[in-house]
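Student: Provided below are the primary sequence and the corresponding predicted coordinates.
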Amino acid sequence: MEEARLSDVLQAHAWLETIDPGEYARRDRALLGADLSEDEETYTRLQHDLVRQWRIHRDDPLPDHLRQAAKLAQSLAWPGWAPAARWIGGTRTPSR
């Protein structure tokens, strides 16, 4: 399975962290576990699952304050913006 595009993964993480911090924390721990154990298949599957969920639900109606916060977080979570890319750990850190 091919890895999801980094821009989609970053935006999906920003979206989920804004609308459901508990689920974001659970997924972040699962990604970290897969990364540290070097389980490429699980890591890739988790990325794809998150991006798929984001694509399905990113346009769902939200309370105005959450919708604006999610849009802002997604716009900031773009490759090259270092604070948004900190979740990428271990061997996943983009090289520059």
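Tutor: Ah, there it is. Residues are numbered from 1 along each chain as shown.

Student: So the spatially most central residue of the chain versus P61, what's the distance?
Tutor: Taking Cα atoms, centre = their mean, the centroid of the chain lies closest to H13, which sits 2.3 Å from it. Applying Cβ to Cβ, to the nearest Å, the value for H13 to P61 is 21 Å. Heads up, the C-betas are built off the backbone N, CA and C, glycines and all.

Student: What of K71?
Tutor: Separation of K71 from P61 (Cβ to Cβ): 13 Å.

Student: Least confident secondary structure element in the protein?
Tutor: In the chain, no helix or strand scores lower on mean pLDDT, DSSP states H and E than helix 64-76, which sits at a mean of 80.

Student: Show me how far it is from its chain's centre.
Tutor: 14 Å (Cα atoms, centre = their mean, to the nearest Å).

Student: Stretch 58-69 now?
Tutor: The answer for stretch 58-69 is 17 Å, by Cα atoms, centre = their mean.
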